[in-house]
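**Q** model this:
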Amino acid sequence: MSEALLLCMALIDSAILLFLSVYFIITLSDLECDYLNSSTCCAKLNRWVLPEVIAACFCPLVTIFAGHWILFILNLPFPIYLVNRYLKVSAGNIGVYDPTEIHNRGLLKGHMKETMVKLGYYVVFFFIYLYSFVYVLVSGGSSS
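**A** Got it, this is the predicted structure:
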C-alpha cells in the first residue's frame, strides 16, 4: 500500500475518533444537565466504547505500516490506556460507564475531563495526520 493511502486512512480514522469524542461530550453534558437519565446515557456511551478502542488501536498500526516510527511512539500511549481502561471494568459494572456509579464520587466530572483530554488528543493527531498526508502528496510519495 502506498504511504499516502495509509496516511489518508489514519486521517479518516482520526476524524471519526474526533466526532466520537464530541458525541461523548454532548451525551455527558446532557446527563450533567439532567436531559438524560443515567441508564440511557451510560447505554449510549457504552455502545461506543469498544469501537473507540478498536479505532484508536488502528492509528498506531497504520503509522507503523507507513514507516513513521515517531508518530507510532507518540500515538501508542493513548490506545494502551483505552485498552487498559476497557479491560479493567469491574465485574459488577455494565461497562466503562456504569449508571449506578456515574453520579458517585465525582465520576461524571472525571469522565467529562477525560473526554476533553481525548478531544484535544484527537484534534492534535488529526492535524498531524493532515500535515503528513499533504506532505507526502506534495513530495511525490517519498518522505523521510
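
**Q** At the geometric centre of this structure, which residue do we find?
**A** L17 (4.7 Å; C-alpha atoms, centre = their mean).

**Q** Excluding covalently adjacent residues, which one is nearest to that one?
**A** Of all residues beyond its chain neighbours, the one nearest L17 is Y122 (4.8 Å), with distances taken as C-beta to C-beta, 6 or more residues apart in numbering. Heads up, the C-betas are built off the backbone N, CA and C, glycines and all.

**Q** can you count the residues close to that neighbour?
**A** Neighbourhood size, Y122 [other C-beta atoms under 10 Å]: 23.

**Q** Could you check how far G92 is from L137?
**A** G92 sits 50 Å away from L137, going by C-beta to C-beta, to the nearest Å.

**Q** and the two? which has more neighbours close in?
**A** Looking at G92 and L137 with other C-beta under 10 Å, you find the greater number of neighbours at L137, namely 14 against 8.

**Q** in which helix or strand would I find that one?
**A** Assigning secondary structure by DSSP states H and E places L137 in helix 107-138.

**Q** now swap in A43 and tell me
**A** Assessed by DSSP H and E, A43 sits inside helix 38-47.

**Q** Could I get the pLDDT score of L76?
**A** Note on L76: pLDDT of 93.

**Q** Can you give me the neighbour number for the nearest residue to V96 once chain neighbours are set aside?
**A** Take V96 and drop its neighbours on the chain: the residue closest to it by C-beta to C-beta, 6+ apart is V49, 5.0 Å away. If you count neighbours by other C-beta under 10 Å, V49 ends up with 18.
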